[in-house]
Each structure stands twice: as C-alpha cells, then as structure tokens.
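Participant: predicted model follows, preceded by the sequence.
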Amino acid sequence: MNVTLPKGKKIYFSSDNHLGAPTINESRPRERKFLRWLEMARKDAQAIFLMGDLFDFWFEYRTVVPKGFVRTLGKLAEMRDEGIEIYFFVGNHDLWMNGYFEDELGIPVFHDPEVFTINDKKFFLGHGDGLGPGDKGYKRMKKVFRGRFFQWLFRWGHPDIGMKIAQYFSVKNKLISGNDDHIFLGEENEWLATYAKRKLEKEHFDYFVFGHRHLPMTIKVGENSTYYNLGDWITHFTYGVYNEESGFELKEFEK
C-alpha cells in the first residue's frame, strides 16, 4: 500500500496500550494520556498506525462489541472524519476484529504484516506476535484462536461469560500473550530482529516497525535497514514518528 506524505506532515506509530488492563477503571489514566497523544498528533498527522493490542481484549459478536473505550473510539472517529488516515494492525490481545472498525470508523484493519511505501521508503509493518524463531506453542494456539470454528464457538456463549474468560486468559495465560517476558535479549537474540534479517535476504525494506515486545528498541538489521520496536503505553509511553526531514524516530510522550 502507498501513503503520500506531504511536506510538513508526519506519520505516527503506536502500539500496546492494553486498554482495559487490569480493569477499565485502572487503565483510564493511561487512556487519557493516549488521548492527549492523539490530540498532539492531530495537529500534523498525515496518518496514524495503531500497531496492535490497543485493547487488552476485544471480541466482536454479531451485534455487540466490548463495553468501554468510548473516549478512544470517539476520538479516532473524529480524526478519521477530518481526513487523517488511520490504519489498525491487530495484536494477540485484540485479534478478534471482524468489521466494526471498518464499518463504524472507516479504519482499515490488518490481520497480518503488511508492506507500506511512504513516499520512496519501504516499511514492513506488523504487531510482531508469532514472527521469528521459537515460541512454537503460542504459534500453534494462534492458529486455533484465528480459526473460524473457535470464533463461532466462542460467539455462542453469553458475552458476560466470554469477557470474564478472556480477561482471565489475557492476564494469566501465555497462550494468548506468548512467551514474552519483556526483557531485552540482546541484539543478536531479539527474534523480531532475526525475522527482519531473514526478510532482507529476499527483499529490501528501509524500516521494520513492530510492537508486542513492550520495549522501545532500535536495531540495525542491514546496511540501510533498521528495526524499531515501539515500546508500550504501560511503562514506557513511547511512540514512533516519521517525516521526510528526520526519518524515523522513537520518542517518549510525557504530557
């Protein structure tokens, strides 16, 4: 996909807000901070990429979506109505999206990594879960979670019961989270950096941008290629920003 970036405009990237964790009320201060970030980005954003796990859990029933998050959804709707491009990549906590963002907010949703060309630069974008070597147990379970039969089965339960089950697994169980302890493994052992290097063997990309690891990272993976991890909005409050003059930068939002 192509995004045209006019002079003076910027592209913003955010990941791993986990709104609703551990409870909606406890996550509300973080949500307010994220809303202030959206207002900041609103001033000069050509596009905003939400790179997964915006919610700690999300499941779309046929006529029901999870309670809460009205402030965030409303702000995204306002910005989209103003013409700001917004793209959403599902994470491992909010992978059960099935049309609500597209139909209600006009925001495209991606369930797999996607290549974007921003002016003349190639970006490989994705949440990051299930990529690279290792974590085979989670990769197997991810296929189950994404399967139509599992989603059909889950949808037949009452939403109140389904949400309680999902919240338990989201917080307690690595079957959803993956084997990810959010500890820096070193440049040679970071599996998303390894994944990026393997992709470069077949095709050039200027930037690899992922979330999932909850750690802001900048790792050179090729002579003219860099992997960035966006960090999170739980501990680091970091985000990515790109423009023609400065290239890609990781920043911390302090307001």
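Facilitator: In hand now; what should we look at? Every value quoted in this text rests on a predicted model; they were computed, and no experiment measured them.
Participant: okay, and the beta partners of the residue nearest to Glu102 when sequence neighbours are not counted?
Facilitator: Take Glu102 and drop its neighbours on the chain: the residue closest to it by C-beta to C-beta, 6 or more residues apart in numbering is Val109, 6.1 Å away. Where you see a C-beta, it was placed from the backbone N, CA and C, and this is true even at glycine. Under DSSP bridges, the beta-bridge partners of Val109 are Phe88.
Participant: residue contacts, Val109?
Facilitator: Phe88, Phe89, Val90, Met97, Phe101, Glu102 (C-beta atoms under 8 Å, 6 or more residues apart in numbering).
Participant: pLDDT wise, what is the first one at?
Facilitator: Meaning Phe88. Listed pLDDT for Phe88 reads 97.
Participant: ok, it - contacts?
Facilitator: Counting by C-beta under 8 Å, 6+ apart, Phe88 makes contact with Leu50, Leu54, Met97, Phe101, Ile107, Pro108, Val109, Phe110.
Participant: what about 7 Å?
Facilitator: Remark: with contacts taken as C-beta atoms under 7 Å, 6 or more residues apart in numbering, Phe88 is in contact with Leu50, Phe101, Ile107, Pro108, Val109.
Participant: for Leu125, state which of those residues is nearest.
Facilitator: Leu50 (10.7 Å; C-beta to C-beta).
Participant: the closest residue to Asn243 other than its chain neighbours bridge partners, please.
Facilitator: The shortest distance from Asn243 to any residue that is not its chain neighbour, by C-beta to C-beta, 6+ apart, is 4.6 Å, and that residue is Lys10. For Lys10, the residues forming beta bridges with it (DSSP bridges) are Ala45.
Participant: check the contacts of Val109 and tell me the two furthest apart.
Facilitator: Between all members of those, the farthest pair (by C-beta to C-beta) comes out as Phe89 and Glu102, at 13.5 Å.
Participant: list the buried residues in the helix or strand where Glu39 lies.
Facilitator: Glu39 is part of helix 24-42, with elements assigned from DSSP states H and E. Using 16 or more other C-beta atoms under 10 Å as the test for burial, helix 24-42 gives Ser27, Arg30, Glu31, Phe34, Trp37, Leu38, Ala41.
Participant: which helices and strands does it pack with?
Facilitator: helix 70-81 (3 or more C-beta pairs under 7 Å, 6 or more residues apart in numbering; DSSP states H and E).
Participant: try 10 Å this time
Facilitator: strand 10-14, strand 45-50, helix 70-81, strand 238-243 (3 or more C-beta pairs under 10 Å, 6 or more residues apart in numbering; DSSP states H and E).
Participant: switch the ones you listed over to TSV; also include mean pLDDT, distance to Glu60 and mean neighbour count.
Facilitator: What follows is the helices and strands packed on helix 24-42, written out as TSV (pLDDT from 0 to 100; distance: least, C-beta to C-beta, whole Å; neighbours: other C-beta atoms under 10 Å):
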stretch	mean pLDDT	distance to Glu60	mean neighbour count
strand 10-14	98	21	24
strand 45-50	98	16	22
helix 70-81	96	13	16
strand 238-243	98	26	22
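Participant: distance to Pro133 added to the ones you listed, as TSV?
Facilitator: Conversion of those to TSV gives the following (distance: least, C-beta to C-beta, whole Å):
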stretch	distance to Pro133
strand 10-14	25
strand 45-50	25
helix 70-81	34
strand 238-243	24
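Participant: out of the ones you listed, which is closest to His204?
Facilitator: Closest approach to His204 among the helices and strands packed on helix 24-42 is made by strand 238-243 (17.4 Å; C-beta to C-beta).
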